[in-house]
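Student: I need the structure of the sequence given here:
(chains A and B)
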Amino acid sequence: MIAVGLWLAAATAFAADAELLPAEQAFRYSARALDNRTLEAVFVIADGYYLYRDKFSFAVAPDGTVLGAPELPAGKIKTDQFFGKVETYRGTVVVKLPLAGAAPGQSVVLTADSQGCADIGVCYPPTRQKLTLALPTAGAGPTAQVDAIPPKKRWFQ
Amino acid sequence: MTKTFVRWTAVAVVALAALAGGFYFGRSTPGESTAAPLLGLTLPDIDGRDQRLDQWRGKVLIVNFWATWCEPCREEMPEFVKTQARLGDKGLQFVGIAIDQPDKIRKFSSDLGLNYPSLVGGYGALELSKSLGNKLMALPFSLVVDRQGRVVYTQLGPLKPEKLTTIINELL
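Tutor: Now for the predicted structure:
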């Protein structure tokens, strides 16, 4: 009976993570190219989740293309007992990324590492997400937003 | 007769509900087979010495996957320290598996006065937790292993003190 009781407890405990979103859905990553020297990464953070400002890092491929320092907006400051002052984001975060060495019309792969948590008391390990952007041709405006997870795939998940 | 019937019906309903719950959330029934990969695990401690988890077989083992970068993990650990101090000699053993760097684990362990081992797990340990029910590979994730080496409880997210007490009291 004890075993059955614990077993039931185990089954109910699983409900918490059944409600929890996978990291790439809790922190939806998309990006666009404003021109061939500026990329813009966007994170749409689901309600009840947050990301740490100092855990972002970005990389671009192929070789020859180089990213400058990301322009991260100010976050909400909170004091962490172990790490001191930390900044977190909720809602939507837009990060501008200076790009060098890319030609108009070229394709680049923009990789974003981020790390965050859910308010219910769960943190995700650093998550890497990737997407491919075709830079605008000379004189053309910003490209359309490209999602790391195609919308179609989201419906099935 | 009626009493017995009612009791067995209750048992059957609870068992079926548990079974349905297990299937619904895509879990296998916790048991010996799920504990085997955990107890067979060898990981270095913060001094670099290899530690095999089955050295604690026979104890009520609480394996807690955590990291310093996980605030809810750090918040629940003082309670683990207190519980380890209170019930360690009754056969309770906490073991941490930190998905983190040794220097950070060492600093936090020392700040907290950690009185149980915390092993250094990499991404591989997180992958292993996935096979043990941590589908999203998030932290904290805790497993309770009984004295027979069976995983009897898993928890993603903080293990509430009341829950912890209930589980331990049933197993010790």
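Student: and A:Lys55, how far is that from A:Glu87?
Tutor: 10 Å (C-beta to C-beta, to the nearest Å). (C-beta placed from N, C-alpha, C; glycine too.)
Student: Now do the strands in the chain.
Tutor: In the absence of a named chain, this looks at chain A. Using DSSP state E, the strands of chain A run over A:27-35, A:38-45, A:49-52, A:57-61, A:66-67, A:76-80, A:84-89, A:92-100, A:107-114, A:116-118, A:122-123, A:127-134, A:146-147.
Student: you looked at the wrong chain, it should be chain B
Tutor: Under DSSP E, chain B gives strands at B:42-44, B:50-52, B:60-66, B:92-99, B:118-121, B:141-145, B:151-156.
Student: Quick one: residues contacting the residue nearest the centre of chain B.
Tutor: Nearest to the geometric centre of chain B sits B:Leu143, at 2.1 Å (C-alpha atoms, centre = their mean). By C-beta atoms under 8 Å, 6 or more residues apart in numbering or on different chains, the contact set of B:Leu143 is B:Leu38, B:Ile62, B:Val63, B:Leu132, B:Gly133, B:Val151, B:Tyr153, B:Thr154, B:Gln155.
Student: 7 Å instead?
Tutor: B:Leu143 is in contact with B:Leu38, B:Val63, B:Leu132, B:Val151, B:Thr154, counting by C-beta atoms under 7 Å, 6 or more residues apart in numbering or on different chains.
Student: what's the closest of the residues you listed to chain A?
Tutor: Closest to chain A out of the contacts of B:Leu143 is B:Thr154 (6.0 Å), distances taken as C-beta to the nearest C-beta.
Student: pLDDT wise, what is that closest one at?
Tutor: Looking at B:Thr154, its pLDDT is 94.
Student: so what's the backbone phi/psi at the closest residue to it other than its chain neighbours?
Tutor: Distance criterion C-beta to C-beta, 6 or more residues apart in numbering or on different chains; nearest residue to B:Thr154, sequence neighbours excluded, is B:Gly133 at 4.6 Å. Per-residue torsions, B:Gly133: phi 120, psi -10 (degrees, to the nearest 10).
Student: Show me the shaky parts of chain B.
Tutor: Applying pLDDT under 70 to chain B flags residues B:1-34.
Student: quick one on the thing from earlier: buried deepest among the strands of chain B, which one?
Tutor: strand B:141-145 (a mean of 27; mean count of other C-beta atoms under 10 Å in any protein chain shown).
Student: follow-up on the earlier one: assess the claim that the residue nearest to B:Thr154 and B:Tyr153 are in contact.
Tutor: No. B:Gly133 lies out of contact with B:Tyr153 (C-beta atoms under 7 Å); the separation is 10.1 Å.
Student: Break chain B down into its structural domains.
Tutor: Listed by automatic domain parsing, the domain ranges of chain B are B:1-28, B:31-171.
Student: OK, contacts around B:Trp69?
Tutor: A:Gln115, A:Cys123, B:Asp100.
Student: Format the residues you listed as CSV; extra columns: distance to A:Ser107 and neighbour count.
Tutor: Formatted as CSV, the contacts of B:Trp69 follow (distance: C-beta to C-beta, whole Å; neighbours: other C-beta atoms under 10 Å in any protein chain shown):
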residue, distance to A:Ser107, neighbour count
A:Gln115, 27, 20
A:Cys123, 34, 23
B:Asp100, 36, 23
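Student: Return the closest of those with respect to B:Ser118.
Tutor: The closest of those to B:Ser118 turns out to be B:Asp100 (C-beta to C-beta; 9.0 Å).
Student: so what's the closest one closest to, chain neighbours aside?
Tutor: With C-beta to C-beta, 6+ apart, the residue lying closest to B:Asp100 is B:Ala67, at 4.5 Å.
Student: burial count for that neighbour?
Tutor: Neighbourhood size, B:Ala67 [other C-beta atoms under 10 Å in any protein chain shown]: 25.
Student: again, but for the one 3 residues further on
Tutor: Number of residues near B:Cys70 (other C-beta under 10 Å) recorded here: 24.
Student: you'd agree it is up against B:Ala138?
Tutor: No. Counting by C-beta under 7 Å, B:Cys70 sits too far from B:Ala138 to count as a contact (8.6 Å).
Student: before we move on, back to that, return the most buried member of the domains of chain B.
Tutor: domain B:31-171 (a mean of 18).
Student: Tell me how many other residues surround A:Val146.
Tutor: So A:Val146, with other C-beta under 10 Å, has 16 neighbours.
Student: mind checking how far it is from A:Gln106?
Tutor: Counting by C-beta to C-beta - A:Val146 and A:Gln106 are separated by 14 Å.
Student: now do B:Gln155
Tutor: Look at B:Gln155 and A:Gln106: by C-beta to C-beta, they are 48 Å apart.
Student: for B:Thr68, same thing?
Tutor: B:Thr68 sits 40 Å away from A:Gln106, going by C-beta to C-beta.
Student: This completes my enquiry, with thanks.
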